[in-house]
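Novice: can you look at this prediction? I've put the sequence above it.
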There are 2 protein chains.
Amino acid sequence: MKPHPIEDIYSAHRRILAFIHETPILTSSSINRELDRSLFFKCENFQKTGAFKFRGAMSAITALTEDQARRSVITHSSGNHAAALALAAKLNHIDCHVVIPEDAPEFKKKAAHRYGAHVNYCPPGMLSRQALAEDLVRSHGYTLIPPYDDHNIICGQGTATLELLRQVGSLDALILPIGGGGLIAGASIVLNEIAPATDLIGVEPELADEAKRSLDCGRILPATERTTIADGLQAGVGVLNFQLIKKHVRQIYTATEDQIRTAMHMIWQRMKIIIEPSAAVALAALLFSDIDRKYQRIGTIFTGGNIDLSSIMTEYCEDDNQGAIAAL
Amino acid sequence: MKPHPIEDIYSAHRRILAFIHETPILTSSSINRELDRSLFFKCENFQKTGAFKFRGAMSAITALTEDQARRSVITHSSGNHAAALALAAKLNHIDCHVVIPEDAPEFKKKAAHRYGAHVNYCPPGMLSRQALAEDLVRSHGYTLIPPYDDHNIICGQGTATLELLRQVGSLDALILPIGGGGLIAGASIVLNEIAPATDLIGVEPELADEAKRSLDCGRILPATERTTIADGLQAGVGVLNFQLIKKHVRQIYTATEDQIRTAMHMIWQRMKIIIEPSAAVALAALLFSDIDRKYQRIGTIFTGGNIDLSSIMTEYCEDDNQGAIAAL
């Protein structure tokens, strides 16, 4: 029996199908003309909670035993995974705890609250986050749902690639961003089984290139402390994830901060949709790296659309508009 | 024979069908929950040139006589109509001139250029725009394509409502913004003929409420000089348009600048799509006005998605990012 059978992804898809959006594929003729390739963007920015993370979270939640489901779940990721887990838990009537550093951006704290999670604050830093989460697991019996280094999470994220292939047919390559590696690990299982001719390529911010450096030296290197605007990709690669990346990912390209900004701006402007910086890294690599011209039909996934609009919409949010929004 | 037969809209649709996008309908369960109604948003922000105006422009261009087509077309609208006409003309190998005031925003000038129009600058003000355009018409024999007060334009815009009805089925009401009145005039012909049970409702910015005031007193009042962030709606109502509005529009609601900003922010945040302020006025009215509760299934059209991202994306466009974009 294979360690990551495709059947587990089909099974995850069946469990989550009633809860998720089958997100649309968008294309842009002007971007295709410019790159002289055909790109297919799967819009997980339109997914519930605004990110593909909802797939993995729902997959993990629906795989809990009855006993685990009676107790709470917990996570210490403050970003899209936390919001996704909060909503997935709520929809299944399960209590959810989130450990968030005190210095996390306000809109991330609000998102976890909005989806009904109990928020536990901790001092800044990855270690204190983990420590508090493990403490709560020990003392209360909560189940820790990690953001990416987990078989059920990987299978949930794999459903995005499963749908993408069903929606667009055969592809020469699938280009996906790597943070912890959940999305690309799930994709690797799917491609390996049902589309072995499609090459799998990774992309990372230059300032968070742990996966590339790890792949180069054959073992997992720790995440650096540098920050990138593609904050969703700022994570060390997971152990399960790295095993799959090593086996199936042909190459990893990196993009600079400016290249990521340019690609994001291009998507906003040409496609009129909102994606977060992490979701723009694949297009950045296509625009600025020397990716093999033999890849003509290329799929990618807009991983999320959660950005803090209040800080960038200053022109449209003068005076007391924020109050009006909060009151809605 | 009726003065505005639905057959003219079917005919416009057939002429433009190969050029336009059949734009998708999006819904938002969270907005529906909040309003306790079912809203169907037709996403003309995804239309070519980023606005429904491309329908009208293409309808007018494809209705030209061979003789007119050999000579150039011209318009003095600097916004979405100009970009739409420029592209529609280009796709039909027709020269297009646009008269733009020197003080128009840079990105509007660029848009007309990008789509291949010849840009003629004039001093600020509506009168000098018209004067220069008429001068060019007289001296060169160009055909003036007005932005809304024109039967072919109205029929082109009507195709958006035609598609909307085919996509979502019956509606209790259709709520549309009014600038010059092209979109709602086209809609009135369609509803009157094929969905007479659907009430047609107009919305305007409080600061550009010419249509409402004109409807109240039964004759067209001139546009005021006030400015609104919903700049696409800052236009006097057209003559043909007003005849149809008077006959078919049940009521016109207005929204304040803050209400428009709040609605726009809500769409960006919840739906992860970019709409321009003019496209947010219908939701603003639904959020803040006392629109009859009997309207449960409501359609509206996101009229466009053209905003100047460079000015609002400051956070993501520090340093020299603009250069990178321009170089692409």
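Specialist: Structure received.
Novice: any regions of chain A where pLDDT drops low?
Specialist: Scanning chain A for pLDDT under 70 picks out the ranges A:1-4, A:311-328.
Novice: quick one, strands of it?
Specialist: A:25-26, A:38-43, A:73-75, A:96-101, A:118-122, A:143-144, A:173-177, A:199-205, A:249-255, A:297-302 (DSSP state E).
Novice: Serialize those strands to a markdown table and add fields for distance to A:Leu233 and mean neighbour count.
Specialist: From N, CA and C alone the C-beta is placed, and that goes for glycine too. Formatted as a markdown table, the strands of chain A follow (distance: least, Cβ to Cβ, whole Å; neighbours: other Cβ atoms under 10 Å in any protein chain shown):
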| stretch | distance to A:Leu233 | mean neighbour count |
| --- | --- | --- |
| strand A:25-26 | 22 | 16 |
| strand A:38-43 | 17 | 22 |
| strand A:73-75 | 18 | 26 |
| strand A:96-101 | 18 | 24 |
| strand A:118-122 | 22 | 16 |
| strand A:143-144 | 22 | 16 |
| strand A:173-177 | 6 | 26 |
| strand A:199-205 | 6 | 26 |
| strand A:249-255 | 10 | 20 |
| strand A:297-302 | 13 | 24 |
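Novice: flag every residue of the stretch 151-300 of chain A that's near chain B.
Specialist: Within the stretch 151-300 of chain A, the positions adjacent to chain B are A:229, A:258-259, A:261-262, A:264-266, A:268-269, A:271-275, A:277, A:287 by Cβ under 8 Å from any Cβ of the partner chain.
Novice: what about the helices in the stretch 51-200 of chain A?
Specialist: A:53-61, A:66-70, A:80-91, A:106-114, A:126-140, A:151-168, A:182-194 (DSSP state H, counting those that start in this stretch).
Novice: restricted to helices, list the residues of the stretch 151-300 of chain A next to chain B.
Specialist: A:258-259, A:261-262, A:264-266, A:268-269, A:271, A:287 (DSSP state H).
Novice: let me have the helices of the stretch 51-200 of chain A in TSV, extended by mean neighbour count.
Specialist: Output for these, formatted as TSV (neighbours: other Cβ atoms under 10 Å in any protein chain shown):
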stretch	mean neighbour count
helix A:53-61	31
helix A:66-70	12
helix A:80-91	27
helix A:106-114	17
helix A:126-140	15
helix A:151-168	24
helix A:182-194	26
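Novice: the closest residue to chain B within the stretch 1-150 of chain A - how many residues pack around it?
Specialist: With Cβ to the nearest Cβ as the measure, A:Asn45 is the residue of the stretch 1-150 of chain A nearest to chain B, at 4.7 Å. The local packing of A:Asn45 (other Cβ atoms under 10 Å in any protein chain shown) involves 26 other residues.
Novice: what sits against the closest residue to it other than its chain neighbours?
Specialist: With Cβ to Cβ, 6 or more residues apart in numbering or on different chains as the criterion, A:Asn45 has its nearest non-adjacent residue at 3.1 Å, and that residue is A:Gly305. Taking Cβ atoms under 8 Å, 6 or more residues apart in numbering or on different chains, we find A:Gly305 in contact with A:45-46, A:50-51, A:273-276, A:279, B:272.
Novice: Throw those residues into a markdown table and include distance to A:Ala86, thanks.
Specialist: What follows is those, written out as a markdown table (distance: Cβ to Cβ, whole Å):
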| residue | distance to A:Ala86 |
| --- | --- |
| A:Asn45 | 18 |
| A:Phe46 | 19 |
| A:Gly50 | 13 |
| A:Ala51 | 12 |
| A:Ile273 | 24 |
| A:Ile274 | 21 |
| A:Ile275 | 22 |
| A:Glu276 | 18 |
| A:Ala279 | 21 |
| B:Lys272 | 18 |
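Novice: buried subset of these?
Specialist: Among the contacts of A:Gly305, those classed as buried by 16 or more other Cβ atoms under 10 Å in any protein chain shown are A:45-46, A:50-51, A:273-276, A:279, B:272.
Novice: identify the farthest-apart pair in these.
Specialist: A:Ala51 and A:Ile273 (13.7 Å; Cβ to Cβ).
Novice: overlap in contacts, these two.
Specialist: Residues touching both A:Ala51 and A:Ile273 (Cβ under 8 Å, 6+ apart) are A:45, A:305.
Novice: need the helices of the stretch 51-200 of chain A in TSV with distance to B:Pro123, can you?
Specialist: Shown next, in TSV, are the helices of the stretch 51-200 of chain A (distance: least, Cβ to Cβ, whole Å):
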stretch	distance to B:Pro123
helix A:53-61	54
helix A:66-70	71
helix A:80-91	51
helix A:106-114	45
helix A:126-140	60
helix A:151-168	51
helix A:182-194	55
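Novice: of these, which is nearest B:Ile25?
Specialist: Across those, B:Ile25 has its closest neighbour in helix A:151-168 (17.9 Å, Cβ to Cβ).
Novice: alpha carbons only: can I get that closest one in CSV?
Specialist: Below are the C-alpha coordinates for helix A:151-168, written out as CSV (Å, rounded to 0.1, in the frame of the first residue of the first chain):
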residue,chain,number,x,y,z
HIS,A,151,-1.6,13.6,5.8
ASN,A,152,-5.3,14.8,6.0
ILE,A,153,-4.3,18.4,5.3
ILE,A,154,-2.2,17.4,2.3
CYS,A,155,-5.0,15.3,0.9
GLY,A,156,-7.5,18.2,1.4
GLN,A,157,-5.2,20.6,-0.5
GLY,A,158,-4.8,18.0,-3.2
THR,A,159,-8.4,18.3,-4.1
ALA,A,160,-7.7,21.8,-5.6
THR,A,161,-5.4,20.1,-8.2
LEU,A,162,-7.9,17.3,-8.7
GLU,A,163,-10.6,19.9,-9.6
LEU,A,164,-8.2,21.9,-11.7
LEU,A,165,-7.4,18.9,-13.9
ARG,A,166,-11.0,18.0,-14.3
GLN,A,167,-11.8,21.6,-15.3
VAL,A,168,-9.1,22.2,-17.8
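Novice: please name every helix or strand in contact with it.
Specialist: helix A:6-16, strand A:25-26, strand A:38-43, helix A:53-61, helix A:182-194, helix A:239-248, strand A:297-302 (3 or more Cβ pairs under 8 Å, 6 or more residues apart in numbering or on different chains; DSSP states H and E).
Novice: one more time with 6 Å, if that's ok
Specialist: On a contact count with 3 or more Cβ pairs under 6 Å, 6 or more residues apart in numbering or on different chains; DSSP states H and E, helix A:151-168 meets helix A:6-16, helix A:53-61, helix A:182-194.
Novice: okay, the ones you listed in TSV with distance to B:His151 next?
Specialist: Shown next, in TSV, are the helices and strands packed on helix A:151-168 (distance: least, Cβ to Cβ, whole Å):
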stretch	distance to B:His151
helix A:6-16	51
helix A:53-61	48
helix A:182-194	52
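Novice: near chain B, which residues of the stretch 1-150 of chain A are found?
Specialist: Neighbours of chain B within the stretch 1-150 of chain A, by Cβ under 6 Å from any Cβ of the partner chain: A:45-46.
Novice: was I right about A:Val119 contacting A:Ala112?
Specialist: Yes - contact criterion Cβ atoms under 6 Å: A:Val119 and A:Ala112 qualify, at 5.4 Å.
Novice: any residues in contact with both of these two?
Specialist: Jointly contacting A:Val119 and A:Ala112 under the rule Cβ atoms under 6 Å, 6 or more residues apart in numbering or on different chains are A:Val98.
Novice: now stretch A:292-305, how far from the chain's geometric center?
Specialist: Counting by Cα atoms, centre = their mean, to the nearest Å, stretch A:292-305 is centred 15 Å from the centre of its parent chain.
Novice: correction: stretch A:174-187
Specialist: 8 Å.
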